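A.B. asks: Sequence first, predicted coordinates after that:
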Amino acid sequence: MFERLFVHPFWAYSAGKLTLAGAWPRWALFAAIALAGGVVAASLWRRRHLGATRLALLGGLQFALAALFLCLLWRPVLSVERVRDRQNVLAIVVDNSASMTQNDAPEEKPEETTPSRLQVAINALKNGPLAELGKTFELRYFAFDQVAAPIANLDALPAAGNQSRIGDALRNVMQTAGSVPLAGVVLLSDGAETGHSLNESNLRELAAFGVPIHTVGVGPERIDNDLELASLEAPTNAAPNTTVTAEASIQYSRATTTRLRVYDGEKLLAARELKLQTLAGHESGPGFVGTMRIEFPSGAAGTRDLRFTLDALPGERNIINNTRHLVLNVPGTRRNVLLIDGEPRWEYKFIRRAIESERSLRLASVVRTTQNKFYRQGVSSGEELSEGLPTTAKELFGYDALIIGSYEALALTAAQHQLLKDFVDKRGGGVLLLAGRNGLGDGGWGSTLLAETLPTHLSLKRTHDFVQTPVRAQLTPYGIESTAMRFDADATRNLDQWQTLPELANFQPLGALKPGAVVLLETAKTRDPLLVWQRYGRGSTYVFGTASTQRWQMSLPVEDQRHEVFWRQLFHAVADQAPAAATLATDRAIYDDERAIQLTAQVRDTNFEPTADAQVEVLVTPQQGEAFVRTLQPVIDDKGRFAATLDASDAGLYRVDLTAKVGKNQVQTAGGAFRRDNNIVEHFASYQHRAVLERLASETRGRYWRTDQLASLAQAIPYAKSGIVERQMFDLWNIPFVFLVLLALKLSEWLLRLKWGTL
């Protein structure tokens, strides 16, 4: 119908430019139109008795008719660039990844009677524009999962691949066809780009080739009756016998009920019933997304190969995307914590009692009993802490956390104050300052080097603001989210547990908060900060504005463990983030089909100075196959860092154990694990990613097409500005639409005048 009215194809108009090909100058056209307007106005002036409205209608129609007629005299044409027939190449690129082999049959229809996405796309091309495209272009066919490879025709597709790298495949096609006039690329894909090869820089690189990419979207944009564990966020390290919190994002197509289970191998660790319609989520293109949390125990020391699984819906076909894995390292080494206090007091005694039974912590403590006499507990030798707070980096940096009670800052030397700051900034340790008569601001800590690392501005003068006043501790919004402040996994019950704690007996103001401070506890009535922390350098610091938590233990029944749980969890929060002298890491814990795994190690000496002359080896123990040893090489221009590449050919869990020899006698060790999955990544987010395909087409001056729109593909592609093109001029003065407009303008004027009786 369009071509009957306009003679030329729609795509010629969308790609072309309107211009005038007449010999007369354009200014003469504008002058003639102005003159015509004057004549129309003069003729209507004699009929001014008709009124302004009628004159405006008549004048508009007459002026439009005259202007259009004058434009036709100047010969309007459509100037277009069109590829030359049979002198250009068109690349047909087929996504042959596993997601394209999926069957999108409705629930009530058997899968075996419905073609795959790949077959749907090929059939749409064969039954539509393929023959017409072959009359204009030389067709070349490519198939890809990662790198595009030439194929003879659409029936010669290789076996489906396990990953889709659209950006790499298209770049390979552009480079392969670089020596031929490439007029365009037709990409058949669902847009499920699992290889992360379509970032902004890749898009700019593809656009720079100047070849339009026409994307043909295949598959549903939303999959009904499907659950997907879209993402999983959780720590990769945890202390033994602690509670770990994981955050899961669940994608679902409609309101339903399911259960999320956490397994360690075949052992069930936790389960949670989910009513997905009540999740705090949002609707996205492929459905709804909700986020929830689940807690589970870390267990004893070792490596946990965790499996998170959603119960399948009735009739759900793709259940592979209901499961994700997580590798959790639970180090067997105990965290070393140093507690120093300037006077014997109840708080010190009850803190020690709460921590003594925690096997994953070694608490060494020293309390000053007289001016030059210290009482030590939990030390491993007669020399440890014999002079109170350590005076060397080697000794102090052997601890992961430092707890300072009612101890005045003036009792330490300038070198010790520098060590304390280095302990946080350089060592990466955690420091907790407790309230007391000689603690916090009253202890002069506000004017020390350590004050730079603290989350609050302590008082610079001793104002004796440690007062005996009853206050009740309550959680802040950050405290509600913190696992260190959790007595119960259920948020409501946890708040009840805090609200029923006895009042504290004393309080010490912490000063103004710094920009990076996070308040975990506050006083109930005045809402003054009570427990605050922040990151600083490689470590973290905490301040706690009371020294009377022993009242929780003294005022509660003996079986109530909230006091012990609070201090154990707080000590872990302070100590667990401190890095070891040697660390071993991969860029992520779960790999999808990648075989080349990058291992990096950071090695420091006992003073936590990076060392470049270490001998570093890693013992790799795969779940399947024999263990092997790999030597790590120093990284140039990054002292203390070592790296190696592993070939992880088999799926499963890989354990890695590092041994680093520093100098003659020092030996540093570290451990870790990672997992390589196989053939599962294509089963996640397997709906049609239309936005990705539209963006790709838009950036390269192509167009997105549905499979039911391909009848117009053969007409649209030739009007590209790539390859060998020729300019064509199409006359517009003789198209039927113009004569219809002229007739409509004059007929409208006659009908109006007939109606008004002025004909």
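C.D. replies: Here it is on my side, so go on. Residues are numbered from 1 along each chain as shown.

A.B. asks: so L65 makes contact with L742?
C.D. replies: Yes. Using Cβ atoms under 8 Å, L65 is in contact with L742, at 6.6 Å. The C-beta positions use only the backbone N, C-alpha and C, and glycine is treated the same way.

A.B. asks: Give the helix, strand or coil label for T245.
C.D. replies: strand (DSSP: H, G, I helix; E, B strand; the rest coil).

A.B. asks: Pairing partners for it in the sheet, please.
C.D. replies: E295 (DSSP bridges).

A.B. asks: ok, it - contacts?
C.D. replies: T245 is in contact with A234, R293, I294, E295, T483, counting by Cβ atoms under 8 Å, 6 or more residues apart in numbering.

A.B. asks: Then S116?
C.D. replies: Applying Cβ under 8 Å, 6+ apart to S116 gives the contacts M100, T101, Q102, N103.

A.B. asks: same thing but at 10 Å, please
C.D. replies: S99, M100, T101, Q102, N103, D104, A105, I122, A160, V218, G219 (Cβ atoms under 10 Å, 6 or more residues apart in numbering).

A.B. asks: Q497 too?
C.D. replies: Contacts of Q497 by Cβ under 10 Å, 6+ apart are L475, R486, F487, D488, D490, D560, R562, V565.

A.B. asks: And for A207?
C.D. replies: I213, L696, S698, E699, T700, R701.

A.B. asks: List just the nearest of these to T309.
C.D. replies: L696 (34.1 Å; Cβ to Cβ).

A.B. asks: Neighbour count: L65 and L742, which is higher?
C.D. replies: L65 (20 against 15; other Cβ atoms under 10 Å).

A.B. asks: which one is that one nearest to, not counting chain neighbours?
C.D. replies: Leaving out its chain neighbours, the residue that sits closest to L65 by Cβ to Cβ, 6 or more residues apart in numbering is L745, at 4.3 Å.

A.B. asks: so the one you found is in which element?
C.D. replies: Here L745 sits within helix 736-756, counting by DSSP states H and E.

A.B. asks: what's the average pLDDT for that helix?
C.D. replies: Throughout helix 736-756, pLDDT has a mean value of 85.

A.B. asks: Now it: buried residues?
C.D. replies: Neighbour counts over helix 736-756 (16 or more other Cβ atoms under 10 Å) mark V738, L745, S748, E749, R753 as buried.

A.B. asks: any chance of those residues in a markdown table, plus distance to A512?
C.D. replies: Below are the buried residues of helix 736-756 laid out as a markdown table (distance: Cβ to Cβ, whole Å):
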| residue | distance to A512 |
| --- | --- |
| V738 | 77 |
| L745 | 77 |
| S748 | 77 |
| E749 | 80 |
| R753 | 84 |
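
A.B. asks: Which single one of the residues you listed is nearest to C71?
C.D. replies: Of the buried residues of helix 736-756, the one sitting nearest to C71 (Cβ to Cβ) turns out to be V738, at 9.3 Å.

A.B. asks: what residues are up against the residue nearest to L65?
C.D. replies: Listed by Cβ under 10 Å, 6+ apart, the contact partners of L745 are G60, L61, Q62, F63, A64, L65, A66, A67, L68, F69.

A.B. asks: A strand includes the last one, no?
C.D. replies: Looking back up the chat, that one is F69. No. Assessed by three-state DSSP, F69 does not belong to a strand; its assignment is helix.

A.B. asks: Give me the distance between the closest residue to it other than its chain neighbours and L70.
C.D. replies: Counting by Cβ to Cβ, 6+ apart, F69 lies nearest to L742, which is 7.0 Å off, once chain neighbours are set aside. Using Cβ to Cβ, to the nearest Å, L742 is found at 12 Å from L70.

A.B. asks: how about the helices in the stretch 501-650 of the chain?
C.D. replies: 550-555, 562-575 (DSSP state H, counting those that start in this stretch).

A.B. asks: For whatever helix or strand T669 lives in, output the C-alpha coordinates as PDB.
C.D. replies: Assigned by DSSP H and E, T669 belongs to strand 666-677. The C-alpha coordinates for strand 666-677 follow below in PDB (Å, rounded to 0.1, in the frame of the first residue of the first chain):
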ATOM      1  CA  GLN A 666      60.200 -17.200  57.800                       C
ATOM      2  CA  VAL A 667      57.500 -19.300  56.200                       C
ATOM      3  CA  GLN A 668      54.000 -17.800  55.400                       C
ATOM      4  CA  THR A 669      51.000 -19.900  54.500                       C
ATOM      5  CA  ALA A 670      47.600 -19.200  53.100                       C
ATOM      6  CA  GLY A 671      44.700 -21.200  51.700                       C
ATOM      7  CA  GLY A 672      41.600 -20.800  49.600                       C
ATOM      8  CA  ALA A 673      39.300 -22.400  47.100                       C
ATOM      9  CA  PHE A 674      37.300 -21.800  44.000                       C
ATOM     10  CA  ARG A 675      34.800 -23.700  41.900                       C
ATOM     11  CA  ARG A 676      34.400 -24.100  38.200                       C
ATOM     12  CA  ASP A 677      31.000 -24.900  36.900                       C
END
